[in-house]
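sequence and predicted structure, then a few things I'm wondering about:
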Amino acid sequence: MSILLSVISFICIGTIAAAQTAPASGSAVKVARVKYSGGGDWYNDPSAEINLLKYVRAHTSIAVEPVYEYVDLGTDNLFLYPVLFMTGHGTVSFTDAELRNLRAYLTNGGFLYIDDDYGMDESVRRELKRVFPDQQLRELPFSHPLYHAHFDFPKGLPKIHEHDNKSPEGLALFHDGKVCVFYTYETNPSDGWADPEVHNDPPERRETALKIGTNIIVYALSR
C-alpha cells in the first residue's frame, strides 16, 4: 500500500483516534510499541504500557485495551494506533521509508511518545531531525496542557530515575500548533510503569510515573 493510501486509511479510521475520552464499543484505544533498528532494545520492559493502560482505565473514562503490541514503522499498521510509544537503550535508526511513514502518521493526527531509557538520546535527536528537518525540539513550559491534562504537575515533568542527575526535560515537536512528538529525557517515566519488581521503585514513585503517563495519554487523545 502506498504512503498516500496509508494516510487515507488513517483518516478513514479517525473515529478511533478521535474517540478521545469515550470511544464506542469495540474501539478501545491501544498503544503500540515502536520496533526500530540500530541496536537499541526497543522491546524492554514489556509490562510498562500494559500497566499504564490499566491505570488509565482505572482513573479516567477512556476506554483502553491494556495489551502489549508492537509496530514496524515500515508497515501500514502504525496508522491503526492513535498513540505510539518508543523507548530503550542504545541507538535508534530509521530507514527512509520509515521516516516517510512516520511523518505521514504524525502530520495526520498521530502521536508519538518517546522515553529515553538511558543511552538513546543522541540518536533519537538525530532521527527526529530527519523526520522534521525544519524543527528543533522545544521544551514544554510548565503551563502546557499536557502537564495538567488529568493530574496536575505544576512543576512540569517529574524526576523518576536519576540517570546523569540532570533536570528532567519534556521536549516536543509540533504540527499545526499541537504537540505530535513528546520526548522525555533524564527522567524515564516508563521504567516506573513496569512491574514493581523490575526496577524496585517505591510505590509513590511508581504512582507519580503512572500519573504523568496518564496525562500523556489523555493529552494525546484530546488534542
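Cool, the structure landed. All values reported here derive from a predicted model rather than from experimental measurement. Residues are numbered from 1 along each chain as shown.

what's the distance between residue 181 and residue 170?
11 Å (Cβ to Cβ, to the nearest Å). Yep, even glycine has a C-beta here, placed from its N, CA and C like the rest.

check residue 115 too.
Taken as Cβ to Cβ, the span from residue 115 to residue 170 is 11 Å.

between these two, which contacts overlap?
Listed as contacting both residue 115 and residue 170 by Cβ atoms under 8 Å, 6 or more residues apart in numbering are 183, 184.

counting by contacts, list what the host helix or strand of residue 122 packs against.
If you go by DSSP states H and E, residue 122 is part of helix 121-131. Counting by 3 or more Cβ pairs under 8 Å, 6 or more residues apart in numbering; DSSP states H and E, the packing neighbours recorded for helix 121-131 are helix 96-106, strand 178-185.

please identify the most buried of these.
Highest mean neighbour count of the helices and strands packed on helix 121-131: strand 178-185, a mean of 22 (counted as mean count of other Cβ atoms under 10 Å).

ok, back up a step: tell me the first helix or strand C-terminal of the helix holding residue 122.
Taking DSSP H and E, what comes next after helix 121-131 is strand 138-139.

if you count neighbours, what's buried in the helix or strand following that following strand?
Next in sequence after strand 138-139, counting helices and strands by DSSP H and E, comes strand 169-175. Under the neighbour-count criterion of 16 or more other Cβ atoms under 10 Å, strand 169-175 has 169, 170, 171, 172, 173, 175 buried.

mind showing which ranges of the protein have poor pLDDT?
1-26 (pLDDT under 70).

grab the most central residue of it for me.
residue 113 (1.9 Å; Cα atoms, centre = their mean).

tell me which element that residue is part of?
Assigned by DSSP H and E, residue 113 falls within strand 111-116.

so what touches that strand?
34, 82-87, 102, 105-106, 124, 179-186, 188-190, 216, 220-221, 223.

each with direction, which strands does it pair with?
With DSSP bridges as the test, strand 111-116 is paired with strand 83-88 (parallel), strand 178-185 (parallel).

in TSV, list these along with distance to residue 132.
Output for the strands paired with strand 111-116, formatted as TSV (distance: least, Cβ to Cβ, whole Å):
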stretch	distance to residue 132
strand 83-88	15
strand 178-185	8
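
residue 158: which of these is closest?
The closest of those to residue 158 is strand 178-185. By Cβ to Cβ, the value is 9.9 Å.

so which elements touch the helix or strand following that closest one?
Under the assignment DSSP H and E, the closest C-terminal helix or strand after strand 178-185 is helix 189-193. Helices and strands touching helix 189-193, by 3+ Cβ pairs under 8 Å, 6+ apart, are helix 47-59, helix 196-199, helix 203-221.

farthest pair in the buried residues of strand 169-175?
169 and 175 (20.3 Å).

what comes up buried for stretch 49-60?
Residues 49, 50, 51, 52, 53, 55, 56, 57, 60 are the ones in stretch 49-60 that count as buried (16+ other Cβ under 10 Å).
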